[in-house]
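**Q** Build the 3D model from these lines:
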Amino acid sequence: MLADAQNVMPDELKFEGDKAFFTAALDRADLILHGRNSYEDQPNSPRRKRIILTRKVEAIAPDPTNLKATLWNPAGASFEAACHHAGVDTGTVAVIGGPGVFGMFMGRYDVFWLSVAPHVRLPAGEPCFPGVPARSPQEILGAHGLHAGEPQMLDATHEVTVTPWRRGA
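**A** Numbers count the residues shown, from 1 in each chain. Alright, predicted model coming up:
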């Protein structure tokens, strides 16, 4: 689960090692893509180019509140067109968000970094992917042609890990 039943990421799901890993990954990305309710809220956030998924525009539009952001409605334009509008035609795109956003790109990920906090339980929480909890996140990633790499320990005290799931690995 990504969040609790109120769709809020609770403090018990926040770990410094995971936050550092996430921040470093976003700092390396050329473009951040997320839903309208997702935002990484970090010191570098205002400097990052981003695409925000929304139904509030027909296709693609500049975000009037953020010069570095492009608003994109997938029903009206392709992902490639949104990237071009954002000024990014090559490079790394970091996809962050919830199950709808993650699910849209399941067939396109080169790598998906799955963090797991095995001792945190969020009953009736927001799942990370469509199909969870009927299937595990690992089963869903595998069903989309992604293969697990070696997990990295992010927080030994709480046994929080991150595993790269790569296409064709």
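**Q** Now find how far off-centre the host helix or strand of residue 112 is within its chain.
**A** If you go by DSSP states H and E, residue 112 is part of strand 111-116. Computed by CA atoms, centre = their mean, to the nearest Å, the chain-centroid distance of strand 111-116 equals 9 Å.
**Q** Show me the strands in this protein, by range?
**A** Using DSSP state E, the strands of the chain run over 31-35, 50-53, 60-62, 69-72, 93-95, 111-116, 146-148, 152-155, 160-167.
**Q** so what strands line up beside the first one?
**A** To tie it back to what came earlier, the one meant is strand 31-35. Pairing partners of strand 31-35, with direction, according to DSSP bridges: strand 50-53 (parallel), strand 93-95 (parallel).
**Q** can you list those in CSV and add mean neighbour count and mean pLDDT?
**A** All C-beta spots, glycine's among them, are computed from the backbone N, C-alpha and C. As requested, these are exported to CSV (neighbours: other CB atoms under 10 Å; pLDDT from 0 to 100):
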stretch, mean neighbour count, mean pLDDT
strand 50-53, 23, 95
strand 93-95, 20, 96
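**Q** CSV for these, including distance to residue 164?
**A** Output for those, formatted as CSV (distance: least, CB to CB, whole Å):
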stretch, distance to residue 164
strand 50-53, 23
strand 93-95, 14
